[in-house]
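Peer 1: just the structure for this:
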Amino acid sequence: MPENDRTAKDGAFVVTRDFNASRDLVWKAWSEPGRLSQWWGPKGCKIRVEHLEFRAGGFFHYSMAFPNAPLAWGRFMYREIAEPDRIVWLNSFSNEKGGITRAPFCDRVPLEIENTVMLTERAGATILNLRSLPFGETAEERECFERLFPSMQQGFGGTFERLALHLARG
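Peer 2: The predicted structure follows:
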């Protein structure tokens with residue numbers, strides 16, 4: 001893992017990235033459907049925002065189209081939004097109606113993962129810190145989550161590369 005990706009003592013997956021953009025612009029990238037659809041998801045994935053209610057208690061439902069693969073779905077249930085520096089949500093795979101489903105690649109992936117993003121502005125740039133932990137998991141799901149760290153590092157790495165490109169366009 002790159003030096004800015006690590007595992008916390010409590011088993012959380014942690015990613016830190018610097019973006020050459022104001023915190024205001026990074027916040028808009030997370031909170032506006034037109035922007036979010038341009039960068040969320042791994043490389044090679046096209047996101048369609050089905051529903052976005054960006055508020056505590058709100059819901060983000062999206063479809064993910066990958067070349068030569070069936071359509072996949074995901075969802076966020078926002079737990080906390082504190083503009084301009086903190087977003088907390090439960091992330092899950094879903095069906096087309098927004099119901100929680102198992103990951104298509106393994107039935108031991110936790111149904112929900114709590115993600116916390118913290119944004120800090122320094123000298124006109126933004127430091128993003130993402131912290132992920134399974135939510136309501138079994139011991140087997142926790143073990144599976146920890147085995148997924150290399151894949152998560154790759155997935156978030158590609159996602160945040162897409163975010164950097166989006167931010168560079170303003």
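
Peer 1: max-length helix in this structure?
Peer 2: helix 149-168 (DSSP state H).

Peer 1: any low-confidence regions in this structure?
Peer 2: Across the chain, the ranges flagged by pLDDT under 70 are 1-9.

Peer 1: residue boundaries of the helices in it?
Peer 2: Going by DSSP H, the chain shows helices at 23-31, 33-39, 139-147, 149-168.

Peer 1: and the shortest one, what's buried?
Peer 2: The one in question is helix 33-39. 33, 35-39 (16 or more other Cβ atoms under 10 Å). Using the backbone N, CA and C atoms, a C-beta is placed for each residue, glycine as well.

Peer 1: the third one now?
Peer 2: Of the residues in helix 139-147, those buried by neighbour count under the rule 16+ other Cβ under 10 Å are 141, 144-145.

Peer 1: angle of that helix against helix 149-168?
Peer 2: 60 degrees (axes from the mean of the first three to the mean of the last three Cα atoms, to 10 degrees).

Peer 1: what's the spacing between helix 139-147 and its chain's center?
Peer 2: Here the centre of helix 139-147 is set off from its chain's centre by 18 Å, with Cα atoms, centre = their mean, to the nearest Å.

Peer 1: just checking, what packs against that helix?
Peer 2: Applying 3 or more Cβ pairs under 8 Å, 6 or more residues apart in numbering; DSSP states H and E, one finds that helix 139-147 contacts strand 125-135.

Peer 1: partner strands of the strand it packs on, with direction?
Peer 2: Using DSSP bridges, the strands paired with strand 125-135 are strand 13-19 (antiparallel), strand 112-122 (antiparallel).

Peer 1: quick one on the thing from earlier: which neighbouring elements make contact with the longest helix of the chain?
Peer 2: Helix 149-168 packs on strand 5-7, strand 13-19, helix 23-31, helix 33-39, strand 125-135, going by 3+ Cβ pairs under 8 Å, 6+ apart.
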